[in-house]
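> Here's my sequence, what's the structure:
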Amino acid sequence: VQLQASGGGAVQAGGSLRLSCAVSGIRFSIRNMAWHRQAPGKQRELVADITTRGSTNYADSVKGRFTISRDNAKNTVYLQMNSLKPADTAVYYCASGRPWPGPADYDYWGRGTQVTVSS
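So this is what the prediction gives:
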């Protein structure tokens, strides 16, 4: 199983980035997917998730700025990040949810991609 995240980088405040996570080795279409992030010295937090049917959920801190989406034909989940702030600086991880009827947690994680936003 592989979750390969890409698209991170360094941008100035107000800029945009698009993260991608290509998934292989599992049935992508039957799994909810999510992006989490972890900033230095802080706990990992959920940024956004998307169900198998495309319903989405966002952390309050990113609502209106980030958009999560998925392409089941490409086994890929995306995170479009606009109006980036220095507070968004973190390592971003994609994760796959356990398929129903399993517990509502995440069983596979990508390695993470660094996002750095300068003021």
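> Within its local environment, how many residues does residue 81 see?
By other Cβ atoms under 10 Å, the residues close to residue 81 number 27. Where C-beta positions appear, they are placed from N, C-alpha and C, glycine not excepted.
> In this structure it contacts residue 90, no?
No. Using Cβ atoms under 8 Å as the test, residue 81 is too far from residue 90 to be in contact (10.9 Å).
> residues shared between the contacts of these two?
residue 115 (Cβ atoms under 8 Å, 6 or more residues apart in numbering).
> Can you show me the strands along the protein?
With DSSP state E as the criterion, the chain has strands at 2-6, 9-12, 17-24, 33-38, 45-50, 56-58, 66-71, 76-81, 90-97, 106-109, 113-118.
> List the contacts of the fifth one.
Same thing as strand 45-50. By Cβ under 8 Å, 6+ apart, the surrounding residues in contact with strand 45-50 are 32-38, 56-59, 62, 66-70, 77, 79, 92, 97.
> and if you look at the second one?
The contact list for strand 9-12 (Cβ under 8 Å, 6+ apart) reads 17, 84, 114-119.
> middle-most residue in this protein, spatially?
Nearest residue to the geometric centre of the chain (Cα atoms, centre = their mean): residue 35, 2.3 Å.
> Reformat the strands of the chain as a markdown table; add mean pLDDT.
Converted to a markdown table, these look like this (pLDDT from 0 to 100):
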| stretch | mean pLDDT |
| --- | --- |
| strand 2-6 | 96 |
| strand 9-12 | 98 |
| strand 17-24 | 98 |
| strand 33-38 | 98 |
| strand 45-50 | 97 |
| strand 56-58 | 97 |
| strand 66-71 | 98 |
| strand 76-81 | 98 |
| strand 90-97 | 97 |
| strand 106-109 | 95 |
| strand 113-118 | 98 |
